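> got a sequence here, can you build the structure:
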Amino acid sequence: METHDFLLYLLVILLMARVFAELATRLQVPSVMGELFAGVVLGPSLLGWIEPVEAIKLMAEIGIILLLFEVGLQTDLKRLVRTGSKSLVVAMAGIALPLLLGFALGYWVFGLSLLVSLFIGSTLTATSIGITVRVLSDLKRQQAPEGQIVLGAAVLDDVLGVVLLTLLYEFSISGGISLLNAGKVLLFLGAFFVLAPVAAKLISLIIKRFAKASGIPGLLPTTIVTLVLFFAWLANALGAPELLGGFAAGLALSRRFFLPFGIALHTDEPFALRIEDQMKPIVHLFTPIFFVFVGLSLNLREIDWGSPFIWRFSLTLLVAAIVGKLVAAFLIKEPWGVRWVIGMAMIPRGEVGLIFAELGRISGIFSNEIYAGMVMVIALSTLFPPFVMKWFYGRYGDRLQAAAHG
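Residues are numbered from 1 along each chain as shown. You can find the predicted model right below:
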């Protein structure tokens, strides 16, 4: 495409993403939903002004890598250790139950292929830690017992979600499910997660030294972005999706990071905070492009809305998405109100669910109709829980606090 056309596309995408994100926030809806809706409005579903061309797709891929970098940067593995077995149970069951329910519905109820059904089930496993943290923070319940369990479970959900995403990426490339390929990917993944953080820590020490000596502003974000892009390339070279490299780089540079097996590297917290602060503007510039691109990739006009399939498919999967997370919370020993809150807090799929769905679309696993159904499920499961949680705390908050102190 012509340069001036691309510049106009980019201008409109960034502007509309911001406008709709602001409107969504004012309506107390997660901003990611506003950015997704901006893509639906601009794309073939409504106005048809912008097509998901290759240049925008490349920028969206950079956005998704930086998004996973931010997720890794905010991942607190120590929190998972502190919350112990309850977070572990909620996370493991919250992944296994939606995965099994989604797969069963896709394979046996709707007669879809093994690979498509696996993608559907995997998409339902996601939990958006960003949305969950925002809601708990607004309600001032982050430090409450249920808040700590939710945040610990969401951390493990993120890590296991990236592992699952890597396996799906391998299956989508090979066109089928192979235990040999899965074992090879898991082996590479284990080596990557052990060696990459060590390398990133050592590189960060070099970056820190150069940052002190440099007389030119902007060295820190430039070198960190370079590191993230290198890790993304390295992940792809090892047969994993590029976004895994972004996640690993974020995890390694996080001030909350510690290595497994009790081996710890000294973390300079002020330096880690500088990384977070200086990377935020770059991350927040690119990530809206990804969410708008998801909306642009949807063509709601091509879907036969009179067909019973799309409604049965979306509604049954929405029920599975909600039930899977709620049941997981009821497997731990807590007052019933606390378990309800934990279950509801784990339901929002948000940006993580959209990443799974987008992988299914670009790999050709999801048809337009199934992709649209999955995006509807992700959108609805992200929109409603924050409102339900606020209502629940408004009505039963005093009882929850009494139960916590009792």
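> now do the buried residues in stretch 376-395.
Applying a neighbour-count criterion of 16 or more other CB atoms under 10 Å, one finds 376-383, 385-386, 389, 392-393 buried in stretch 376-395. Heads up, the C-betas are built off the backbone N, CA and C, glycines and all.
> for A154, state which of these is nearest.
Checking the buried residues of stretch 376-395 against A154 by CB to CB gives P385 as the nearest, at 12.9 Å.
> give the helix, strand or coil label for the closest one.
Classification of P385 by DSSP: H, G, I helix; E, B strand; the rest coil places it in helix.
> is it in contact with I342, as I believe?
No: distance between P385 and I342: 11.5 Å, which falls outside the contact criterion (CB atoms under 8 Å).
> can you put the buried residues of stretch 376-395 in a markdown table and add distance to L318, pLDDT and secondary structure?
Formatted as a markdown table, those follow (distance: CB to CB, whole Å; pLDDT from 0 to 100; DSSP: H, G, I helix; E, B strand; the rest coil):
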| residue | distance to L318 | pLDDT | secondary structure |
| --- | --- | --- | --- |
| M376 | 8 | 92 | helix |
| V377 | 5 | 93 | helix |
| I378 | 9 | 93 | helix |
| A379 | 10 | 91 | helix |
| L380 | 6 | 91 | helix |
| S381 | 6 | 91 | helix |
| T382 | 11 | 89 | helix |
| L383 | 11 | 86 | helix |
| P385 | 12 | 87 | helix |
| P386 | 16 | 84 | helix |
| M389 | 17 | 86 | helix |
| F392 | 19 | 86 | helix |
| Y393 | 23 | 83 | helix |
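> how about JSON lines for those residues, with distance to L285 added?
Formatted as JSON lines, the entries for the buried residues of stretch 376-395 read as follows, by distance: CB to CB, whole Å:
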{"residue": "M376", "distance to L285": "28"}
{"residue": "V377", "distance to L285": "29"}
{"residue": "I378", "distance to L285": "23"}
{"residue": "A379", "distance to L285": "23"}
{"residue": "L380", "distance to L285": "28"}
{"residue": "S381", "distance to L285": "27"}
{"residue": "T382", "distance to L285": "22"}
{"residue": "L383", "distance to L285": "25"}
{"residue": "P385", "distance to L285": "28"}
{"residue": "P386", "distance to L285": "25"}
{"residue": "M389", "distance to L285": "30"}
{"residue": "F392", "distance to L285": "36"}
{"residue": "Y393", "distance to L285": "34"}
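> farthest pair within those residues?
The most widely separated members of those are M376 and Y393, with 27.2 Å between them, by CB to CB.
> give me the neighbour count for L167.
18 (other CB atoms under 10 Å).
> mind checking pLDDT for it?
Predicted confidence (pLDDT) at L167: the value is 83.
> tell me what the helix or strand containing it is packed against?
Secondary-structure element containing L167, defined by DSSP states H and E: helix 145-174. Helices and strands touching helix 145-174, as assessed by 3 or more CB pairs under 8 Å, 6 or more residues apart in numbering; DSSP states H and E, comprise helix 77-83, helix 85-104, helix 114-123, helix 129-138, helix 179-213, helix 242-253, helix 336-345, helix 350-362.
> just say which of those helices is most tucked in.
Among those, helix 242-253 has the highest mean neighbour count (mean count of other CB atoms under 10 Å), at a mean of 27.
> buried residues, stretch 7-18. List them.
Applying a neighbour-count criterion of 16+ other CB under 10 Å, the buried positions in stretch 7-18 are Y9, I13, L14, M16, A17, R18.
> burial measure for I370, as a count.
The local packing of I370 (other CB under 10 Å) involves 24 other residues.
> can you name the residues that contact the residue lying closest to I13 once chain neighbours are set aside?
If you skip the residues right next to it in sequence, I13 has V292 as its closest partner in space, 5.0 Å away by CB to CB, 6 or more residues apart in numbering. For V292, the residues meeting the contact criterion (CB atoms under 8 Å, 6 or more residues apart in numbering) are I13, M16, A17, E35, L36, A38, G39, L42, A60.
> if I look at V292, how far off is P386?
According to CB to CB, to the nearest Å, V292 and P386 sit 22 Å apart.
> with V163 instead?
Taking CB to CB, one finds V163 at 27 Å from P386.
> tell me the one of the buried residues of stretch 376-395 nearest L124?
Taking CB to CB as the measure, V377 is the one of the buried residues of stretch 376-395 closest to L124, at 7.5 Å.
> helix or strand for L326, which one?
Assessed by DSSP H and E, L326 sits inside helix 308-329.
> how about I177?
Counting by DSSP H and E, I177 is found in no helix or strand.
> go ahead and confirm it touches L115.
Yes: at 6.4 Å, I177 and L115 qualify as touching, with contact defined as CB under 8 Å.
> let me have the helices and strands packed on helix 145-174 in a markdown table, adding distance to E170 and mean pLDDT as columns.
Putting the helices and strands packed on helix 145-174 into a markdown table (distance: least, CB to CB, whole Å; pLDDT from 0 to 100) gives the following:
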| stretch | distance to E170 | mean pLDDT |
| --- | --- | --- |
| helix 77-83 | 25 | 66 |
| helix 85-104 | 17 | 93 |
| helix 114-123 | 11 | 92 |
| helix 129-138 | 25 | 73 |
| helix 179-213 | 5 | 74 |
| helix 242-253 | 11 | 77 |
| helix 336-345 | 31 | 90 |
| helix 350-362 | 11 | 86 |
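> for F313, find the nearest of these.
When the helices and strands packed on helix 145-174 are ranked by proximity to F313, the top entry is helix 114-123, at 9.2 Å, counting by CB to CB.
> contacts for that closest one?
98-107, 112, 164-165, 168, 171-172, 175-177, 317, 349, 353, 356-357, 359-360, 365-366, 370, 374, 377-378.
> just the CA trace of it, in PDB.
Presented in PDB, the C-alpha positions along helix 114-123 are these (Å, rounded to 0.1, in the frame of the first residue of the first chain):
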ATOM      1  CA  LEU A 114      -9.900 -32.500  17.000                       C
ATOM      2  CA  LEU A 115      -7.600 -29.500  16.400                       C
ATOM      3  CA  VAL A 116     -10.400 -26.900  16.200                       C
ATOM      4  CA  SER A 117     -12.000 -28.300  19.400                       C
ATOM      5  CA  LEU A 118      -8.600 -28.100  21.200                       C
ATOM      6  CA  PHE A 119      -8.200 -24.500  20.200                       C
ATOM      7  CA  ILE A 120     -11.700 -23.700  21.400                       C
ATOM      8  CA  GLY A 121     -11.100 -25.300  24.800                       C
ATOM      9  CA  SER A 122      -7.700 -23.700  25.100                       C
ATOM     10  CA  THR A 123      -9.100 -20.200  24.400                       C
END
